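**Student:** sequence unknown, structure follows:
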């Protein structure tokens, strides 16, 4: 849900205000390092367009943001939380030949470039 908000940093800060020290926020967000999106965007650049797959008006709901583990770590250092745990899920792999999906899945699992980033943010205290 954070990816659809105009100011996700402010929303996290507000949620931290409701937590006791040591409290946890669980977020599942699009991974900015997603391999398939990076490959598709590379293709768009090669053919001379300025399109990007993440903000395509062809597939609502629209994402305003994507996230990395580093983006949470930097924001957390500023406002008072740390990343307690995280993982990246490969999720479904579409728009490539079926025989290549297992290979892409293994690459994304090994490199942390799957589609979804799950983080557990622990309020400092």
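**Tutor:** Here it is on my side, so go on. Owing to the predicted nature of the structure, the values given are computational and were not obtained by experimental measurement.

**Student:** Following element in sequence after the helix or strand of the chain with the lowest mean pLDDT, please.
**Tutor:** Across the helices and strands of the chain, mean confidence by mean pLDDT, DSSP states H and E is lowest for helix 35-46: a mean of 91. As assigned by DSSP states H and E, the chain's next helix or strand after helix 35-46 is helix 69-79.

**Student:** outside of that following helix, which residues touch it?
**Tutor:** The list of residues contacting helix 69-79 from outside it, by C-beta atoms under 8 Å, 6 or more residues apart in numbering, reads 9, 12, 13, 16, 32, 82, 83, 86, 117, 119, 121. Yep, even glycine has a C-beta here, placed from its N, CA and C like the rest.

**Student:** Name every strand pairing with the helix or strand encompassing the last one and say which way it goes.
**Tutor:** Here residue 121 sits within strand 116-123, counting by DSSP H and E. Pairing partners of strand 116-123, with direction, according to DSSP bridges: strand 24-30 (antiparallel), strand 81-89 (antiparallel).

**Student:** Quick one: mean pLDDT for that strand?
**Tutor:** Per-residue pLDDT over strand 116-123 has a mean of 97.

**Student:** Can you give the contact residues for that strand?
**Tutor:** Applying C-beta under 8 Å, 6+ apart, the external contacts of strand 116-123 come out as 12, 16, 19-31, 67-69, 72, 76, 80-89, 91.

**Student:** Might you calculate how far that strand sits from the centre of the chain?
**Tutor:** Centroid separation between strand 116-123 and its chain, computed with C-alpha atoms, centre = their mean, to the nearest Å, is 10 Å.

**Student:** same deal with stretch 6-15?
**Tutor:** 16 Å.

**Student:** in that stretch, what counts as buried?
**Tutor:** Buried residues in stretch 6-15, counted by 16 or more other C-beta atoms under 10 Å: 8, 12.

**Student:** re the thing from before, tell me the angle the least confident helix or strand of the chain makes with strand 24-30.
**Tutor:** 40 degrees (axes from the mean of the first three to the mean of the last three C-alpha atoms, to 10 degrees).
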